[in-house]
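Enquirer: kindly return the folded structure for what I paste below:
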Amino acid sequence: MKKTGIIAALLAALLTLSACGAVNPYTPSDDIISYKPVDPSKTVITIGKYAVANTDELEAVLEAKFPQVDFVFTEPDAGDNDIAYMKLMSDGGKLEDIQFCAHIIGTENDFLYDMSGENFTGAFNLSSLDSMSMGGKLYQIPVSNTLMGIAYNKSLFQRNGWQVPADLDELYALCDTIEAAGIRSFVPCLKYFTVDESVAFGLSYDDIFASAENQVRYHSFYSGGGSCKGLLEPAFQAVKNLYDRGYVNADDFSSSVTELRQELYAGKIAMLPSNVSILTFAKDEKPADEIGFIGYPTKTPGQRWMQIAPGNLLSVSAVSMQDAKKKQIILNALEYLTTDEGQTALLNCFPGVSSLKDYPQDTDAISQEAGDCIKNGRIFFADYYASNDLVPAWRQYASGQMTLEDFVAANDAAKPADYLGALNEAPIGTAAEDFTVLDTSLYITDVMREAAGADVALILNGSFFTGNLARIFKGDIRLPSRFVLKSVGSKDYLTTYEITGANLKKLMEHPIIKGAEVNALYACSGLKIKYAPWAPADANVLSLTLADGTAIDDNATYTVAVWAGAIDGRYISAKLQEFPDVGANKDLMTAAIRKAGTISPAHDGRVTLVWD
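Expert: Predicted structure coming up:
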């Protein structure tokens, strides 16, 4: 070979190596890190949303401030135990650089960074940081403190000539009027202990928090220094009163807050106890009816109050802070978020009251009544003392199956949530290797398809509502709650539907959840798909066949298994069968993994991801 030929060969080899080295690490062949393009020429900082938020504005503000950084927001909020899942993600080497979550970790740990010595913490109220401190260490900072009140369908009120209740008597009289009209009046999602406690406190403010002496007693009880006997009985009775009056029922202790919100929008529910973030949902989801937000009425006309409690929290991966470059970027970003500009963007994503000392917050921007309550001191602080373990006792007491004496004892024995303790439970099986989120979604669809005897099974991958966000890591499999699906109610059973081939093709390209199209892949069993996550709308699905490569017949009908609500009705020809006996997705997955013992990803090539 001539020298020039050798040089040419070497150059070609170098070019080939360079091309391989330039592969975007966020375009793997077996997973979708983000449905939005990631720029590998910039430093990528990942931000995991273990809390509900529309972060588009925050992302834009951060990237404008730090143009050499691509802030990639991900949806990893699998199940109902964000803290334990964050620990699993860290152990598996997949925890994001920054996390937003809704729960206080409550214990020292080795996977979150201790921010106690960083300069930006000086911008916070000391009391807000004290409530986060664990043995002098600060693993989380308060993004916002949330306000608990009552969301109501303002348009529905106006159409019916109903007035916002001025006091408690008016509230109950209004509820009776609304119920008589065939509309549910006051419907909290009681499957969450935070809602149980907030509703109880809100409806009994005069008897508990109006007295300074009682506030001190509650703090003592909350801190483990006394009994709730002689203090919280009016709060307990307030929830039982809702049951006795027929406003709530046993199903409300296992309902879906997403479904209740949609029913509020539709005028099927008049009032929904909630935190103030429901106004952000309404802003994003744009219901036809206007949604308002008020405080809890008291015995004094015109004196409505709101509860303030810790809301959304920010933490940082300990591993990420071992990278000097990332560490400086993260610290700079956190410093920026304590400026007026950064704080405004943050609170637009996570509505509530700022914890900064000097931030000039426009509280009227939260809601006019929230601003009025804050300005006039009609805010009471009451942090939560129990966990979801107490919810069955709330249901039993409210429905008359437990005495007040026994319920008081149950509250005295209640312990704050031990989120990480869930990882000490016995494993339900073993994974022979790591699963990606997409691998996990495909495994779920295989289990669904077998359980329903369907031609096809589908589940949205990496989509917050009705989709799988979980992944399985190699080794013992714990935390089955990671398989809990958001917005899938207790009666949204695994269901089979008859769908034409033509509509099957359409729904795979255009997933529609609750009337809005979402940007996500339907993971599938029984199909084979070539999918471009970063392509424009109408161009994600590059090819779609049956699993064996056979073309889908537009005129044929196929039996498709999904969780109810995960396919829009316009694609469905007929509903075939429900499968209530398999339970929820968590139950189905737990049973399947236990039966299998050891599981592995399918690796059958049914999904090909195309990133060009």
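
Enquirer: for the chain, where's the lowest mean pLDDT among helices and strands?
Expert: helix 3-21 (a mean of 36; mean pLDDT, DSSP states H and E).

Enquirer: the closest residue to residue 119 other than its chain neighbours: how many residues sit nearby?
Expert: The spatially closest residue to residue 119, leaving aside those adjacent along the chain, is residue 335, at 7.0 Å (Cβ to Cβ, 6 or more residues apart in numbering). All C-beta atoms are positioned from the backbone trio N, CA, C, and that covers glycine. Residues near residue 335, counting by other Cβ atoms under 10 Å, number 14.

Enquirer: again with residue 591
Expert: 16.

Enquirer: whichever strand or helix holds it: which residues count as buried?
Expert: With secondary structure defined by DSSP states H and E, residue 591 is part of helix 585-596. Buried residues in helix 585-596, counted by 16 or more other Cβ atoms under 10 Å: 585, 586, 588, 589, 590, 591, 592, 593.

Enquirer: again, but for stretch 505-525
Expert: Buried-residue list, stretch 505-525, by 16+ other Cβ under 10 Å: 505-508, 510-511, 513-514, 518, 520-525.

Enquirer: hang on, the earlier thing: list the helices and strands the helix holding residue 591 packs on?
Expert: strand 429-431, helix 437-452 (3 or more Cβ pairs under 8 Å, 6 or more residues apart in numbering; DSSP states H and E).

Enquirer: so which of these comes closest to residue 49?
Expert: Proximity to residue 49 (Cβ to Cβ) singles out helix 437-452 among those, at 14.0 Å.

Enquirer: average model confidence for that closest one?
Expert: The average of the pLDDT scores along helix 437-452 is 98.

Enquirer: next up, the contacts around the residue nearest to residue 93 when sequence neighbours are not counted.
Expert: Closest residue in space to residue 93, ignoring its immediate chain neighbours: residue 319 at 7.8 Å, by Cβ to Cβ, 6+ apart. Contact analysis of residue 319 by Cβ atoms under 8 Å, 6 or more residues apart in numbering lists 90, 93, 95, 111.

Enquirer: could you do residue 541 as well?
Expert: Counting by Cβ under 8 Å, 6+ apart, residue 541 has contacts 505, 508, 509, 529, 530, 531.

Enquirer: can you tell me which of those end up in helices?
Expert: 505, 508, 509 (DSSP state H).

Enquirer: could you dump those residues to a markdown table with pLDDT and distance to residue 70?
Expert: Below are the ones in helices among the contacts of residue 541 laid out as a markdown table (pLDDT from 0 to 100; distance: Cβ to Cβ, whole Å):
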| residue | pLDDT | distance to residue 70 |
| --- | --- | --- |
| 505 | 98 | 33 |
| 508 | 98 | 29 |
| 509 | 96 | 27 |
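
Enquirer: export the helices and strands packed on helix 585-596 to TSV and tack on distance to residue 539 and mean neighbour count?
Expert: Output for the helices and strands packed on helix 585-596, formatted as TSV (distance: least, Cβ to Cβ, whole Å; neighbours: other Cβ atoms under 10 Å):
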stretch	distance to residue 539	mean neighbour count
strand 429-431	34	19
helix 437-452	20	23
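
Enquirer: those: which one's closest to residue 83?
Expert: Per Cβ to Cβ, nearest to residue 83 of these: helix 437-452, 19.0 Å.

Enquirer: which one of the contacts of residue 541 is nearest to residue 428?
Expert: residue 529 (29.3 Å).

Enquirer: report the secondary structure state of the residue nearest to that closest one when sequence neighbours are not counted.
Expert: Once flanking residues are discounted, residue 529 sits nearest to residue 544: 5.2 Å by Cβ to Cβ, 6+ apart. Secondary structure assignment for residue 544 (DSSP: H, G, I helix; E, B strand; the rest coil): strand.

Enquirer: next: residue 155.
Expert: From three-state DSSP, the assignment for residue 155 is helix.

Enquirer: list the contacts for it?
Expert: Applying Cβ under 8 Å, 6+ apart, the residues contacting residue 155 are 267, 288, 289, 290.

Enquirer: burial of the second one, as a residue count?
Expert: Translated: residue 288. With other Cβ under 10 Å as criterion, residue 288 counts 8.

Enquirer: helix or strand: which one has it?
Expert: Here residue 288, judged by DSSP H and E, is contained in no helix and no strand.

Enquirer: that one against residue 262, yeah?
Expert: No: if you go by Cβ atoms under 8 Å, residue 288 and residue 262 don't touch, sitting 11.9 Å apart.

Enquirer: now name the helix or strand holding the residue nearest to residue 119.
Expert: helix 324-336.

Enquirer: what's the following helix or strand past that helix packed up against?
Expert: Following helix 324-336 in sequence order, the next helix or strand is helix 340-349 (DSSP H and E). Contacts defined by 3+ Cβ pairs under 8 Å, 6+ apart place helix 340-349 against helix 56-65.

Enquirer: ok and the helix it packs on relative to helix 340-349, angle-wise?
Expert: Inter-element angle recorded for helix 56-65 and helix 340-349: 160 degrees (by axes from the mean of the first three to the mean of the last three Cα atoms, to 10 degrees).

Enquirer: which other helices and strands contact helix 56-65?
Expert: strand 69-74, helix 324-336, helix 340-349.

Enquirer: buried set for the longest one?
Expert: Of the residues in helix 324-336, 326, 329, 330, 331, 333, 334, 336 count as buried by neighbour count, 16+ other Cβ under 10 Å.

Enquirer: wait, the fifth one sits on residue 66?
Expert: Yes: with contact defined as Cβ under 8 Å, residue 333 counts as touching residue 66 (6.6 Å).
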